[in-house]
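Enquirer: have a look at this prediction, sequence included:
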Amino acid sequence: VSIAGRPAKGGLVSLAGPPPGGPLLDCRDPMTSQHQFQFPTPPVQTPVQASVRAASERAAAAASAAATPRVLELFASPELRRLLSACCPAAAKLSPERLLDRVRAEAKAAEIVHNFPARPAGEFVDVSMASLEKYGFFLNQWQAQLIPPAEAPPDASPVWTPGAFDPRSTAANASSAHYKNLGPQIAEISIFGCPPFARPLRPTWDEAANRLVYAAHNIRRLDTGSAPLFGNVGAVFRTSRVRKMVEIAPIDTGIWEASCNDTYGPPRFNLDCSYPMAPVGTLDHFDHVLYRGLGSWGGDGSRGGRLPRRSLAQSAAELIARSAVGSPSYRDAPNATELSAGSYWEANLLGNPRPDDIKLVLPFFGALFGSADGARLRRLADSHGWPVVWALGDGGNGTAPPPHGALSGTAYPGNRRLLDPTTRTAQRRLNASLPPGSAASFERAWAAAAGDRRAGPVSRAQVQRWWAGLEGVRLAPVAAAACADTDGCVGVVVDTGACVCERVLVEAASV
């Protein structure tokens, strides 16, 4: 399943296990030989992607309009009103129409985030710091897999990564019904509208360019962007630059395919599978995505009972409470759990984003602070003018997946971000008022963290101690009404409400 826009074991970029006699994506094939295969930078959006996206926009407009009455009925329900009165009194006073307007506004302003591992992990074939350093665009997982070792950066993802391919599918059954029902591929085709590859086991570079970048929609304002389980760096995209790429599914399609379509997995959850994933939504038309996303997590009890039973009203109250609609103060947002972290909309990018399309990066503090990879990310971010905003997340050290909070009852604040004051971007390109001594506090904590890492595996207590020693600007994600330019500002100062934005935007606004 994908919890930050990428697959877990079973793979989203593969269609089959290595066929007899050779690897899955065979770069020795005449079409893809290292001598003949070229890797030109694809268009920002290919004609195929643009056509698919246009069709999705039309379908989304009709589906969203049809769903609006059901959303308003839910927002007027006595159960939701009772729940909102307990968690979010101001939201409870809004009429159903005004409440929907507020949710829509926050959904349009919410971060679109792709989490990726700073250093490629064995399970994933994804964009990495190495590929971002070398290539002029943000690789999707098919493109990352097609680059032969001779062409790839030294520590980029290997071409054929053990575990990235579904072992049940082979060359012998690649065209069978078994293959056609394979979750990752059928999701990309049947849910998001991507055309199938002409040769399923050997997509061309041009065909790979027609696929999508997986991303999470962060209306719940997780500090890590999405769960760091599938990547300890979150890349937050500029919504204005990728708006016409976005296609939104109500929930993670990997979870849905495994749980409702039996196309791959585990893990599987007892989702309410009566809520369909298609047609997808866009950032202009998504009422149907909102309604279906809330309903899908209800837990119908028929699939093993791993999810708690929740009504539509309970799911809606949780989303509203965690968003800026219910908790205008980021500091007071209710705790996150794995269930709330994993309940995001899958807001994928049907395009080939450029580095300039990234607004900021969110490194997972416990995994990268004080490390060589963390230092490398700082340099990469400065080379592109990306602010570095550290996210504490669950406060762990990043060496193991976060606990299954929804299943164990574990919760964490999920609202702790700090702007890194040591980068050139923070010092020269942002209007942030950096407290005196904040850079020095970061350097001291960095040195302590580096020393602890050299001494051996770090503990949660050590991570908490590094964080406690930092002085600086604590940021919240930009809410809909917080800043004049939600797209150009990278955060809101938690203590003052001031918007932290690029200087050129601030200067332009003052003219």
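Expert: Looks like it came in fine.
Enquirer: so what sits opposite the spatially most central residue of the chain in the bridge?
Expert: For the chain, the residue nearest the mean C-alpha position is residue 216 (3.1 Å; CA atoms, centre = their mean). Going by DSSP bridges, residue 216 is paired in beta bridges with residue 113, residue 346.
Enquirer: in this structure it contacts residue 346, no?
Expert: Yes. Distance between residue 216 and residue 346: 6.8 Å, which falls inside the contact criterion (CB atoms under 8 Å). Backbone N, C-alpha and C define where each C-beta goes, glycine included.
Enquirer: quick one: contacts of stretch 433-447?
Expert: 369-370, 419-422, 426-427, 466-467, 469-473, 498 (CB atoms under 8 Å, 6 or more residues apart in numbering).
Enquirer: now list the buried members of those residues.
Expert: Buried by 16 or more other CB atoms under 10 Å: 369-370, 419-422, 426, 466-467, 470-473, 498, out of those.
Enquirer: thinking again about what came up before, can you tell me which of the contacts of stretch 433-447 end up in strands?
Expert: Among the contacts of stretch 433-447, the ones falling in strands (DSSP state E) are residue 419.
Enquirer: closest one to residue 491 out of the contacts of stretch 433-447, please.
Expert: Among the contacts of stretch 433-447, residue 419 lies closest to residue 491 (CB to CB), at 7.0 Å.
Enquirer: residue 278 reaches residue 188, doesn't it?
Expert: No. With contact defined as CB under 8 Å, residue 278 does not count as touching residue 188 (11.7 Å).
Enquirer: which stretches in the stretch 51-200 of the chain count as strands?
Expert: Using DSSP state E, counting those that start in this stretch, the strands assigned to the stretch 51-200 of the chain run over residues 111-116.
Enquirer: determine which two of the contacts of stretch 433-447 are furthest apart.
Expert: Applying CB to CB across those, the maximum distance is between 370 and 498, 28.6 Å.
Enquirer: before we move on, back to that, so which of the buried ones among the contacts of stretch 433-447 is the closest to residue 59?
Expert: So of the buried ones among the contacts of stretch 433-447, ranked by how close each gets to residue 59 (CB to CB), first place is residue 419, at 40.0 Å.
Enquirer: pLDDT score for that closest one?
Expert: pLDDT, residue 419: 98.
Enquirer: list the beta-bridge partners for it.
Expert: When bridges are called by DSSP bridges, residue 419 pairs up with residue 389.
Enquirer: give me every residue that touches it.
Expert: 387-389, 426, 430, 432, 434, 472-475, 490-491, 500.
Enquirer: 10 Å - rerun?
Expert: When contacts are counted by CB atoms under 10 Å, 6 or more residues apart in numbering, residue 419 is found next to 360, 387-390, 425-426, 430, 432, 434, 438, 442, 472-475, 490-491, 493, 500.
Enquirer: cool, residue 313 as well?
Expert: Shown in contact with residue 313 (CB under 10 Å, 6+ apart): 74-75, 77-84, 294.
Enquirer: so where is the stretch 251-400 of the chain shaky, pLDDT-wise?
Expert: Counting by pLDDT under 70, the stretch 251-400 of the chain has low-confidence residues at 263-267, 299-306, 399-400.
Enquirer: quick one: the helices in it, in order.
Expert: Ranges of helices in the stretch 251-400 of the chain, per DSSP state H, counting those that start in this stretch, are 253-260, 287-296, 312-322, 338-342, 365-368, 372-384.
Enquirer: and for residue 380, nearest residue in space, chain neighbours not counted?
Expert: Spatial nearest neighbour of residue 380, chain neighbours left out: residue 129 (5.6 Å); criterion: CB to CB, 6 or more residues apart in numbering.
Enquirer: now, the contacts of residue 313 that are in helices?
Expert: Members of the contacts of residue 313 lying in helices (criterion: DSSP state H): 74-75, 78-84, 294.
Enquirer: in ChimeraX, select just the buried ones from the residues you listed.
Expert: Selection of the buried residues among those in ChimeraX, burial being defined by 16+ other CB under 10 Å:
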select :74,75,80,81,83,84,294
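Enquirer: hang on, the earlier thing: now do the contacts for the residue nearest to residue 380.
Expert: So residue 129 contacts 116-120, 153, 155-156, 233, 373, 376-377, 379-381 (CB under 10 Å, 6+ apart).
Enquirer: what subset of those is buried?
Expert: Applying 16+ other CB under 10 Å to these flags 116-120, 153, 156, 233, 373, 376-377, 380-381 as buried.
Enquirer: one step back: looking at the helices of the stretch 251-400 of the chain, spot the one closest to residue 106.
Expert: helix 312-322 (9.2 Å).
Enquirer: got the contact list for residue 372?
Expert: Residue 372 makes contact with 118-119, 450, 453, according to CB under 10 Å, 6+ apart.
Enquirer: now stretch 194-204: mean pLDDT?
Expert: Here the average pLDDT along stretch 194-204 is 83.
Enquirer: name the residues of that stretch that are buried.
Expert: Buried residues in stretch 194-204, counted by 16+ other CB under 10 Å: 194, 197, 200-204.
Enquirer: tell me the one among those nearest to residue 283.
Expert: Lowest distance from residue 283 to those (CB to CB) belongs to residue 194, with 19.1 Å.
Enquirer: touching, the closest one and residue 253? I think so.
Expert: No. With contact defined as CB atoms under 10 Å, residue 194 does not reach residue 253; the gap is 11.9 Å.
Enquirer: pretty sure residue 261 contacts residue 190?
Expert: Yes. Using CB under 10 Å, residue 261 makes contact with residue 190 at a distance of 9.2 Å.
Enquirer: and residue 458, how many residues sit next to it?
Expert: Neighbourhood size, residue 458 [other CB atoms under 10 Å]: 22.
Enquirer: give me the element it is part of.
Expert: Assigned by DSSP states H and E, residue 458 belongs to no helix or strand.
Enquirer: ramachandran angles for it?
Expert: The phi/psi pair for residue 458 (degrees, to the nearest 10) reads phi -90, psi 150.
Enquirer: residue 261 and residue 190 - which one has more neighbours?
Expert: Between residue 261 and residue 190, counted using other CB under 10 Å, residue 261 has the larger neighbour count: 19 against 16.
Enquirer: how close does the more buried one sit to residue 276?
Expert: Using CB to CB, to the nearest Å, we find residue 261 at a distance of 11 Å from residue 276.
Enquirer: got it, and residue 79?
Expert: In terms of CB to CB, residue 79 sits 24 Å off from residue 276.
Enquirer: what of residue 71?
Expert: Distance of residue 71 to residue 276, computed by CB to CB: 16 Å.
Enquirer: mind checking which of these two has more residues around it?
Expert: Neighbour count, other CB under 10 Å: between residue 71 and residue 276, residue 71 has more, with 22 against 15.
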